[in-house]
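In: sequence first, then the predicted structure, then my questions.
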Amino acid sequence: MNTSLSTQVEAIPLTAYHLRFTVIAETPIAFHDFKGSALRGAIAGYLKRTYCPEWRASKTDPLHQALCPVCQLLSYELTPEEGGDVRRPFALQPPLGDQNAFEPGESFNFGLTLFSSQLAYLPYLVLAVRAVGEDGIGIVVANQRRGRFQLGRINAVNALTGESKTLWVPGAATVQTATLPVTHEQVMASATSWCEHLGRHENLLTVDFLTPLRLIQSEHTVKTPAFFPLAKQVALRVLDLCAQHGGGRPDVVLKRDLYPSADTVTLLHDQTQWWDVTGYSGRLARAQNLGGLIGQATYHTRTWESLLPWLVWGEIVQVGKNVVKGCGVYRLRIQE
């Protein structure tokens, strides 16, 4: 691996905790096309109404923001201390697949990823998911109620090691706090393995965009899966998360350490399409465009060594606009 880059990338002080919630429908549940928007909106709404006394205020007191767990999770008034964009301390992975209606007894699952010290918010999120299930979610159906579900299981999952640990099952009095954190050491080990596999497959890497990928480059929306904007936005997001929710922004100069390698990557096969999906923003009090690229794209370069650590991190943290609503989920795959 490129020695100068690997030395710097290894210093990334970020940890991610991925939690999988499995829920079981009690009454018919119907979602619009993008399920992530409904889940995030319902969870955020419960947290604001229940735990934040200033949730209706147009501008909250800075001291309140510093102490309120809901503001720390959801507030858009916070500003980054070390530059970059404001990054929320969590990302949502919505239920994947085309099924948007669930009958009683059917189950589905979704994920929440918390970053570094933000695991302290886990109890609030568990209570919120339970309450959403009781209050109802999705489209109002014939009986004039949204569909209800019960919480069936909570697992901690480490996508890089394949480990899974049960944190809660029905009947358990408490939620276990033992987790399976994703660390940078694991990311580097995964990146090394990817490089070895790619070397045996003509260095062809396929990226599956599972939920809408919405990237902004030079103030314009990127509507093709060009590699450079993807790599750039992944790296910027990781660095901002380190600064705002990790151990501080690492000493990485992207123009020196990433951009030259990203420029060498060629898009060979583009099997993506633009999905024009919308959701509702409670903060903006209007419909919000969540559209983005979905599908798959295959890339080639002579060597992936300096790029894979960033791409593996991107799988964990998601990338692009609206990750808190479930956008920007992608998976790496070897092109056979």
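Out: Everything's here; your move. Since the structure is predicted, the reported quantities are computational estimates derived from the model, not experimental observations.

In: low pLDDT regions in the stretch 51-200 of the chain?
Out: With pLDDT under 70 as the threshold, the stretch 51-200 of the chain has low-confidence stretches at 58, 75-84, 142-143.

In: now the helices for it?
Out: Secondary structure of the stretch 51-200 of the chain (DSSP state H, counting those that start in this stretch): helices located at 62-67, 69-74, 122-135, 184-199.

In: what about the helices in the stretch 201-336 of the chain?
Out: Counting by DSSP H, counting those that start in this stretch, residue ranges of the helices within the stretch 201-336 of the chain are 227-245, 254-257, 259-262, 308-317.

In: quick one: contacts for Pro89?
Out: Pro89 makes contacts with 72-73, 114-116, 118, 121, 244-245, as judged by C-beta atoms under 8 Å, 6 or more residues apart in numbering. The way it works is simple: take the backbone N, C-alpha and C, and place the C-beta from them, glycine included.

In: next, count neighbours for Ile294.
Out: Using other C-beta atoms under 10 Å, Ile294 is surrounded by 19 other residues.

In: swap in Leu241?
Out: Close neighbours of Leu241, defined as other C-beta under 10 Å, add up to 25.

In: same deal with Ala11?
Out: Taking other C-beta under 10 Å as the neighbour definition, Ala11 ends up with a count of 14.

In: what does Ala189 give?
Out: Using other C-beta under 10 Å, Ala189 has 14 neighbouring residues.

In: and the gap between the residue lying closest to Val70 once chain neighbours are set aside and Gln296?
Out: Distances taken as C-beta to C-beta, 6 or more residues apart in numbering put Cys52 closest to Val70, at 4.0 Å, once the chain neighbours are dropped. For Cys52, the distance to Gln296 under the criterion C-beta to C-beta, to the nearest Å works out to 40 Å.

In: next: Leu215.
Out: Here the distance between Leu215 and Gln296 works out to 16 Å (C-beta to C-beta).

In: neighbour count: those two, which is higher?
Out: Neighbour count, other C-beta under 10 Å: between Leu215 and Gln296, Leu215 has more, with 22 against 19.

In: chain neighbours aside, what residue packs nearest to the more buried one?
Out: Counting by C-beta to C-beta, 6+ apart, Val222 is the residue found nearest to Leu215 once chain neighbours are left out, at 4.2 Å.

In: then Ser107?
Out: The shortest distance from Ser107 to any non-neighbouring residue, by C-beta to C-beta, 6+ apart, is to Ile24 (4.7 Å).

In: okay, buried residues for the helix or strand the one you found falls within please.
Out: Under the assignment given by DSSP states H and E, the secondary-structure element containing Ile24 is strand 16-25. When burial is assessed from 16 or more other C-beta atoms under 10 Å, strand 16-25 yields the following buried residues: 16-21, 23-25.

In: and if you look at stretch 125-134?
Out: When burial is assessed from 16+ other C-beta under 10 Å, stretch 125-134 yields the following buried residues: 125-126, 128-133.

In: looking at those residues, which is nearest His201?
Out: If you rank the buried residues of stretch 125-134 by distance to His201 using C-beta to C-beta, Leu125 comes first, at 39.2 Å.

In: ok, now which ones touch the closest one?
Out: Shown here is Leu125, whose contacts under the criterion C-beta under 8 Å, 6+ apart are 19, 43, 112.

In: and what of Arg302?
Out: Residues counted as contacts of Arg302 (C-beta under 8 Å, 6+ apart) are 203, 264.

In: begin at 20 from now on, thanks
Out: In the new numbering, first residue 20, that becomes Arg321.

In: look up the pLDDT of it for me, please.
Out: Taken from the predicted model, the pLDDT recorded for Arg321 is 95.

In: ramachandran angles for it?
Out: phi -70, psi -40 (degrees, to the nearest 10).

In: from Ser183, how far out is it?
Out: For Arg321, the distance to Ser183 under the criterion C-beta to C-beta works out to 36 Å.

In: tell me if I'm right that Gln169 and Val151 touch.
Out: No - using C-beta atoms under 8 Å, Gln169 is not in contact with Val151, being 10.9 Å away.

In: how many residues are close by the residue lying closest to Gly339 once chain neighbours are set aside?
Out: Once flanking residues are discounted, Gly339 sits nearest to Gly347: 4.0 Å by C-beta to C-beta, 6+ apart. By other C-beta under 10 Å, the residues close to Gly347 number 29.

In: Gly347 reaches Gln337, doesn't it?
Out: Yes - with the criterion set as C-beta under 8 Å, Gly347 and Gln337 qualify as a contacting pair; they are 4.0 Å apart.

In: overlap of the contact sets of these two?
Out: With contacts defined as C-beta under 8 Å, 6+ apart, the residues shared by Gly347 and Gln337 are Ala110.

In: which residues sit against stretch 337-347?
Out: So stretch 337-347 is contacted by 53-56, 58-60, 107, 109-113, 129, 132, 230-235, 249, 252-253, 256, 298, 307, 309, 311, 336, 348-349 (C-beta under 8 Å, 6+ apart).

In: circling back to that earlier point, next secondary structure after the strand holding Ile43?
Out: Per DSSP H and E, the first helix or strand lying C-terminal to strand 35-44 is strand 48-49.

In: and the contacts of that next one?
Out: Contacts of strand 48-49 with the rest of the structure, by C-beta under 8 Å, 6+ apart, involve 119-121, 156-158, 160, 165-168.
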